[in-house]
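S.K.: Give me a model of this one.
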Amino acid sequence: MQLTQFTDLGLRVLMYLSYQEREQPVTISEIAERFAISRNHLVKVVHAMAQQGWLATTRGKGGGLALAMPASQYRLGQVIRQLEDITTLIDCAQPPCALRGQCRLKGVLDEALGAFFTVLDHYTLADVVAQPTGQAIAILHRLGSSSLPVPDA
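M.R.: Residues are numbered from 1 along each chain as shown. Have a look, this model is predicted:
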């Protein structure tokens, strides 16, 4: 299983926002620059995460993004489930499968997906931003604004 780019960007945003040792708010443009990713894609991700209640956003001059809860309250399994919007790996109904009702594959894949999320639910955002990741995030926060290019699309 491979996570979508949407989920990848969402996880990067959460990790970046976990850094608390700064006074000025974090902006979408800053995150796009630090990770060398499209600002346009990031806007969509941030909007979806704000709707989930995971991000606190402030508009206008001096506005920005912050985690809405402590990092220890973000369960990775829950975050990835929501961002991926996945409940099964295969759909035997579309297109209709000739083996439907006689095949064990769907059950095995559903069990594997459940195990995948069970493992992820053992970890929080705080767990994955522990050292050395936290130090790498701190370095990203200290980078100058002209250090990385940002793609347009």
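S.K.: how far does the helix or strand residue 108 falls within sit from the chain's center?
M.R.: Taking DSSP states H and E as the definition, one finds residue 108 inside helix 105-120. Mean-position distance between helix 105-120 and its chain equals 20 Å (Cα atoms, centre = their mean, to the nearest Å).
S.K.: which helices and strands sit right next to whatever helix or strand comes next after that helix?
M.R.: As assigned by DSSP H and E, the chain's next helix or strand after helix 105-120 is helix 125-128. Contacts defined by 3 or more Cβ pairs under 8 Å, 6 or more residues apart in numbering; DSSP states H and E place helix 125-128 against helix 5-17, helix 76-84. For every residue, glycine as well, the C-beta is placed using N, CA and C.
S.K.: would CSV of those with distance to residue 35 and mean pLDDT be doable?
M.R.: Shown next, in CSV, are those (distance: least, Cβ to Cβ, whole Å; pLDDT from 0 to 100):
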stretch, distance to residue 35, mean pLDDT
helix 5-17, 6, 97
helix 76-84, 16, 96
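S.K.: any chance of the ones you listed in TSV, with mean neighbour count and distance to residue 26 too?
M.R.: Shown next, in TSV, are those (neighbours: other Cβ atoms under 10 Å; distance: least, Cβ to Cβ, whole Å):
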stretch	mean neighbour count	distance to residue 26
helix 5-17	20	6
helix 76-84	18	18
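S.K.: got the ones you listed as TSV, with distance to residue 103 columns?
M.R.: What follows is these, written out as TSV (distance: least, Cβ to Cβ, whole Å):
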stretch	distance to residue 103
helix 5-17	28
helix 76-84	24
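S.K.: right, and those helices - which one's nearest residue 102?
M.R.: helix 76-84 (28.6 Å; Cβ to Cβ).
S.K.: relative to helix 105-120, how tilted is the closest one?
M.R.: 120 degrees (axes from the mean of the first three to the mean of the last three Cα atoms, to 10 degrees).
S.K.: Output helix 76-84 as PDB, nothing but the C-alphas.
M.R.: Extracted C-alpha coordinates of helix 76-84, given in PDB (Å, rounded to 0.1, in the frame of the first residue of the first chain):
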ATOM      1  CA  LEU A  76      -1.300   8.300  13.200                       C
ATOM      2  CA  GLY A  77      -3.800   5.700  12.200                       C
ATOM      3  CA  GLN A  78      -6.700   8.100  12.700                       C
ATOM      4  CA  VAL A  79      -5.000  10.800  10.700                       C
ATOM      5  CA  ILE A  80      -4.100   8.500   7.800                       C
ATOM      6  CA  ARG A  81      -7.600   6.900   7.700                       C
ATOM      7  CA  GLN A  82      -9.100  10.300   7.400                       C
ATOM      8  CA  LEU A  83      -6.600  11.700   4.800                       C
ATOM      9  CA  GLU A  84      -6.700   8.500   2.700                       C
END
